[in-house]
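>>> can you look at this prediction? I've put the sequence above it.
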6 protein chains.
Amino acid sequence: MPEKEMEKFERERKELNKLLMKRANLNMNRFMNVDSQAYKRGALSAKTKELLGLVSSLVLRCECREDEVTTEELVEALGVGLVVGGSVTIPHIRRVLKYWDELQGTGNEI
Amino acid sequence: MPEKEMEKFERERKELNKLLMKRANLNMNRFMNVDSQAYKRGALSAKTKELLGLVSSLVLRCECREDEVTTEELVEALGVGLVVGGSVTIPHIRRVLKYWDELQGTGNEI
Amino acid sequence: MPEKEMEKFERERKELNKLLMKRANLNMNRFMNVDSQAYKRGALSAKTKELLGLVSSLVLRCECREDEVTTEELVEALGVGLVVGGSVTIPHIRRVLKYWDELQGTGNEI
Amino acid sequence: MPEKEMEKFERERKELNKLLMKRANLNMNRFMNVDSQAYKRGALSAKTKELLGLVSSLVLRCECREDEVTTEELVEALGVGLVVGGSVTIPHIRRVLKYWDELQGTGNEI
Amino acid sequence: MPEKEMEKFERERKELNKLLMKRANLNMNRFMNVDSQAYKRGALSAKTKELLGLVSSLVLRCECREDEVTTEELVEALGVGLVVGGSVTIPHIRRVLKYWDELQGTGNEI
Amino acid sequence: MPEKEMEKFERERKELNKLLMKRANLNMNRFMNVDSQAYKRGALSAKTKELLGLVSSLVLRCECREDEVTTEELVEALGVGLVVGGSVTIPHIRRVLKYWDELQGTGNEI
């Protein structure tokens, strides 16, 4: 059942983050700081930057984050990733959409 | 001198595109069509989509396109690419900025 | 037991495809169409094109498809991927071979 | 529970290796040989070469091997991978650290 | 003029190969050997293997080799690379086609 | 003539760095800082970290830096990159070796 999968995903993520924090040295922590600063609103809105992070992670076939975007915006952003990165991104697009569906309601049981 | 370099770049690009058009089969042409459709405005603005294409190409260390963005927007978008894709993107960021500077220097203010 | 794993894999794949179909916009569907056309027989046989898709996905460390090839042909194709993409493709080659073994009978229980 | 996960990981790895050995052709076996030779001590120590293998696999987002290194050395090596490969390596760093923690927790201090 | 460019390309390649041979250690030479063995005819024809090498190199955005294929076969193989690897492969496809055209223009019909 | 090529390379690099500095925003500068900190000696020597940076950049097919290493150490490090990243790294290994040879030819023995 989707809800359970998401809970498991979140729990594992939290555990792994704790582990990362425990082991990270000073310079890794600085990187994390630079990383989170990069998504703050500036000349571009926070939403645009989230999408930039999402699509560039996608084409590198990595986990990604997204929020405050509509489904249509997400699908269009994924569509740009699809043409830039090719069919190897398809399994990752599927996973993003699945996660998205679970986030949205879990009323949208598929 | 920058202007010459840009002219050379544009001339070569045009030549190579002609070559691609000459050789492309039906399915490649369809791909090109899908590619250009992906950047048309929809739920997201054309500008946001240009930036999505720019940054995802950047992290894959490829040529990229950009227009109708301010320098500040470009630099922030590149900054997202830098943290996502790491220091291996630096030579590519340099090249984008150089190209950008040349565009502005020749009066092609965008 | 392998059979169960394969069934699970196929069920998840189907679910995720349904999700993709539900969410895909017009341009994504066009891409999917271009994608499936690319593997139709033309100057090259369908089998050769399957192998091209398999190996290029492999070196990008992605799921892949293959059919109508013999084990020897598959292993040789994977061997090309191994020298082109290096030892980072090994875990993926392992997975392809495992899936292959499950497809082939599951008489070949290992 | 971690120990179980590690045992499962090791069992699956062994199974997949057996499968690879069963299917590998002559040239694949030669590659494996070249691969293991590359990590033998020479002008560089075996430890330095392990770290080179670890970090280069990391930035390609692949499984990796490591041994005979201290936690501090591992974390610094991962830190180089993080700046070179960017934030897309973070999930993989997390996994390496988790595996590392499990190794140490089971008394398999390395 | 194309011919000159090709001559320059070939001369540089030869120089760089000589350099590689001069510096390569035993294990690198073994790798080169494994590499050339991988393209010898076996269950698959040498031509099919050339195309496998071509397309997998293409999606990794690298130089590539090709011979004994017709233009139509080459274009179809590139087409598979295009859908698998996405629009970031386009500049590389252009370069392959240019090189191809130069080869044919100089009477080196292959 | 090699010396000229190297001078040109260095001049362009300097120009591009100036450009980067001119355009970089605060967060990019922080990244550059994190980047240079990552190569400082700690649990690992500066030399080992240089090699880690070199090989991980190599497998991502990027420019790279190296110093204070002997030719034998460099060749072994490149050899690890070759087996991890496969034959697509060969053109880049050639370029590193060429640059290396030029450095040594101009009396800049390292």
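That came through, no problem.

>>> which strands and helices sit next to the helix or strand hosting A:Val34?
A:Val34 belongs to helix A:26-37 when assigned by DSSP states H and E. For helix A:26-37, the packing partners by 3 or more Cβ pairs under 8 Å, 6 or more residues apart in numbering or on different chains; DSSP states H and E come out as helix B:71-85, helix D:71-85, helix F:26-37. Just so you know, the C-beta spots here come from the backbone N, C-alpha and C atoms, and that holds for glycine as well.

>>> got those helices as a markdown table, with mean pLDDT columns?
Listed next are the helices and strands packed on helix A:26-37 as a markdown table, based on pLDDT from 0 to 100:
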| stretch | mean pLDDT |
| --- | --- |
| helix B:71-85 | 82 |
| helix D:71-85 | 82 |
| helix F:26-37 | 86 |
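
>>> F:Val59 is nearest to which of these?
Comparing the helices and strands packed on helix A:26-37 by their distance to F:Val59 (Cβ to Cβ), the top pick is helix D:71-85, with 9.6 Å.

>>> just the angle for that closest one relative to helix B:71-85, thanks.
140 degrees (axes from the mean of the first three to the mean of the last three Cα atoms, to 10 degrees).

>>> quick check: mean pLDDT of the helix or strand just after helix D:71-85?
Sequence order places helix D:90-105 as the next helix or strand after helix D:71-85, per DSSP H and E. For helix D:90-105, mean pLDDT rounds to 75.

>>> using JSON lines, please lay out the helices and strands packed on helix A:26-37 together with distance to B:Ile93.
JSON lines is the format used below for the helices and strands packed on helix A:26-37 (distance: least, Cβ to Cβ, whole Å):
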{"stretch": "helix B:71-85", "distance to B:Ile93": "5"}
{"stretch": "helix D:71-85", "distance to B:Ile93": "14"}
{"stretch": "helix F:26-37", "distance to B:Ile93": "8"}
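
>>> now those as a markdown table including mean neighbour count?
Putting the helices and strands packed on helix A:26-37 into a markdown table (neighbours: other Cβ atoms under 10 Å in any protein chain shown) gives the following:
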| stretch | mean neighbour count |
| --- | --- |
| helix B:71-85 | 25 |
| helix D:71-85 | 25 |
| helix F:26-37 | 18 |
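
>>> the helix or strand that the helix holding A:Val34 is followed by near chain B at all?
Using DSSP H and E, the helix or strand that follows helix A:26-37 in sequence is helix A:46-59. Yes: shown here: helix A:46-59 in contact with chain B (Cβ under 8 Å from any Cβ of the partner chain) through A:48-49, A:51-53, A:55-59.

>>> need the longest helix for chain A.
Taking DSSP state H as the criterion, chain A has its longest helix at helix A:2-23.

>>> could you export that helix as PDB, CA atoms only?
The C-alpha trace of helix A:2-23 is given here as PDB (Å, rounded to 0.1, in the frame of the first residue of the first chain):
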ATOM      1  CA  PRO A   2       1.400   3.400  -1.000                       C
ATOM      2  CA  GLU A   3       1.100   5.100   2.300                       C
ATOM      3  CA  LYS A   4       3.300   2.500   3.900                       C
ATOM      4  CA  GLU A   5       5.900   2.800   1.200                       C
ATOM      5  CA  MET A   6       6.100   6.600   1.700                       C
ATOM      6  CA  GLU A   7       6.400   6.300   5.400                       C
ATOM      7  CA  LYS A   8       9.100   3.700   5.000                       C
ATOM      8  CA  PHE A   9      10.900   6.000   2.500                       C
ATOM      9  CA  GLU A  10      10.700   8.900   4.900                       C
ATOM     10  CA  ARG A  11      11.900   6.900   7.900                       C
ATOM     11  CA  GLU A  12      14.900   5.600   6.000                       C
ATOM     12  CA  ARG A  13      15.700   9.000   4.700                       C
ATOM     13  CA  LYS A  14      15.700  10.400   8.100                       C
ATOM     14  CA  GLU A  15      17.900   7.600   9.400                       C
ATOM     15  CA  LEU A  16      20.400   8.100   6.600                       C
ATOM     16  CA  ASN A  17      20.400  11.900   7.200                       C
ATOM     17  CA  LYS A  18      21.200  11.300  10.800                       C
ATOM     18  CA  LEU A  19      24.000   9.100   9.800                       C
ATOM     19  CA  LEU A  20      25.300  11.700   7.400                       C
ATOM     20  CA  MET A  21      25.200  14.400  10.000                       C
ATOM     21  CA  LYS A  22      27.000  12.100  12.500                       C
ATOM     22  CA  ARG A  23      29.900  11.400  10.100                       C
END
